[in-house]
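Enquirer: Provided below are the primary sequence and the corresponding predicted coordinates.
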Amino acid sequence: MLAIAAPMLVGAQEVPAWAGEQFAQLTIHERLIIRIPRMSPARSRVAVPVWREKKGPRCIEMRSLTGAAIGGENDVDLVVDGVKRVRAKLDDECPAVNFASGFYLRPTSDGKICAGRDVIRARTGARCAIDRFRRLVAAD
C-alpha cells in the first residue's frame, strides 16, 4: 500500500521556483592587442635628424608609445610620448622590414614592454624578440 501512495506523495510536493531552468557557466577570455602605427617620413623641407644611440631603459610603459619607424636592418624606433625616441634592437634573425606596415604588442600584466622578455608581432605573423632598448638623441 505504501508503494502505491509514494508516487502521489512525491507529486503533491511543491515544485521549486528554479525547476525547469537550465544553468550554464560562461568564461570570457579577453584578448587585447595594441597596434602601433608606422610613422611615414616627413615630406617637408625640415632636415631629418641624425640619431645617436645612448644607453636605454630596460622597459617602456606601453601607454606612452605613440608611433614607430624602421630604424635600421634589425631596429625599430619607438616614439615615446610623441617626442622621445627609443630604438628596439631586435634579435639577429629578425629583419625590421617585417614591421614596415606596423606591428602589435600584447599587453602585459605590468603594462610595460621589456627587453629580453617581450616580443613584437608583425601584421604578417612574424614575431621578434627585443634584445635591448637604446635611447636616441639628435646628433649635434
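Expert: All right, it came through fine.
Enquirer: now do the strands in this protein.
Expert: Along the chain, counting by DSSP state E, strands occupy 34-36, 51-55, 59-61, 65-72, 75-80, 84-90, 103-105, 112-114, 119-122, 127-138.
Enquirer: can you name the residues bridging to residue 129?
Expert: Residue 129 has the following beta-bridge partners by DSSP bridges: residue 119.
Enquirer: same question, the one 4 residues further on
Expert: Beta-bridge pairing of residue 133 under DSSP bridges involves residue 88.
Enquirer: neighbours of it, how many?
Expert: Around residue 133 there are 23 other residues, counting by other Cβ atoms under 10 Å. From N, CA and C alone the C-beta is placed, and that goes for glycine too.
Enquirer: ok, residue 52 next?
Expert: 12.
Enquirer: just checking, it touches residue 134?
Expert: No - using Cβ atoms under 8 Å, residue 52 makes no contact with residue 134, being 9.5 Å away.
Enquirer: could I get the strands of the chain as CSV with mean pLDDT?
Expert: What follows is these, written out as CSV (pLDDT from 0 to 100):
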stretch, mean pLDDT
strand 34-36, 63
strand 51-55, 93
strand 59-61, 94
strand 65-72, 81
strand 75-80, 89
strand 84-90, 92
strand 103-105, 83
strand 112-114, 95
strand 119-122, 86
strand 127-138, 92
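Enquirer: Serialize these to JSON lines and add fields for distance to residue 96.
Expert: Putting the strands of the chain into JSON lines (distance: least, Cβ to Cβ, whole Å) gives the following:
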{"stretch": "strand 34-36", "distance to residue 96": "13"}
{"stretch": "strand 51-55", "distance to residue 96": "15"}
{"stretch": "strand 59-61", "distance to residue 96": "17"}
{"stretch": "strand 65-72", "distance to residue 96": "5"}
{"stretch": "strand 75-80", "distance to residue 96": "5"}
{"stretch": "strand 84-90", "distance to residue 96": "6"}
{"stretch": "strand 103-105", "distance to residue 96": "10"}
{"stretch": "strand 112-114", "distance to residue 96": "16"}
{"stretch": "strand 119-122", "distance to residue 96": "10"}
{"stretch": "strand 127-138", "distance to residue 96": "8"}
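Enquirer: great, nothing more from me.
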